[in-house]
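Q: With the sequence up front, the predicted model follows.
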Amino acid sequence: MAQLKWYFEDFEVGKTIDVGSRTVSEEEIIDFASKYDPQPFHVDKDAASKSIYGGIIASGWHTCGMIMRLMVDNFLKDAASLGSPGVDEIRWIKPVRGGDTLHVTTTALEAKPSASKPDRGVVVTLWQAKNQHGDVVATIKGMGMFHRRPK
């Protein structure tokens, strides 16, 4: 197992971490939505072209999944993560379309040591996904539990 880089103590309020980018194809959007969110503007090109979106867009849940994958691959796998007690807010701000490249960051908003379990703490973060034009397309505000650095 690789040496962990991120413990509770490493989350300074206001610190932003870049967790990478990925490009999504229209085929991937349709495939995900066909399985999990088959609304017409996600799966039917003709219906989507006549919708308020003017074409196929990714399910917000697909966008969340892509953000999560970047978080795991480029951050959480190197962190002393204990999982999450939940998210407080998800916002889908702009549509994600085939060919878009999502760039994700996470910013620490609050870090609280556990009063009852001194080996850990909770970090409140804001995950932000921007497209290739720099437009914010989604945000997720939630909590993560992290081990404290061993002494």
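A: Cool, the structure landed.

Q: Heading C-terminal from the helix ranked longest in the chain, find the next helix or strand.
A: Under DSSP state H, the helix in the chain containing the largest number of residues is helix 60-74. Next in sequence after helix 60-74, counting helices and strands by DSSP states H and E, comes strand 86-92.

Q: That next one packs against which elements?
A: Under the contact criterion of 3 or more Cβ pairs under 8 Å, 6 or more residues apart in numbering; DSSP states H and E, strand 86-92 touches helix 60-74, strand 136-147. (Glycine included, C-beta is placed from N, CA and C.)

Q: how far away is the closest residue to Ser84 other than its chain neighbours from Asp135?
A: For Ser84, ignoring the flanking residues on the chain, the nearest one in space by Cβ to Cβ, 6 or more residues apart in numbering is Gly144 at 5.1 Å. When Cβ to Cβ, to the nearest Å is applied, the distance between Gly144 and Asp135 equals 26 Å.

Q: More neighbours: which of the two?
A: Remark: of Gly144 and Asp135, Gly144 carries more neighbours, 23 against 11, as counted by other Cβ atoms under 10 Å.

Q: re the thing from before, contacting residues for the residue nearest to Ser84?
A: Under the criterion of Cβ atoms under 8 Å, 6 or more residues apart in numbering, the neighbours of Gly144 are 81-84, 122-123, 125.

Q: Quick one, which of the residues you listed are buried?
A: When neighbours are counted using 16 or more other Cβ atoms under 10 Å, the contacts of Gly144 contain these buried positions: 81-82, 122-123, 125.
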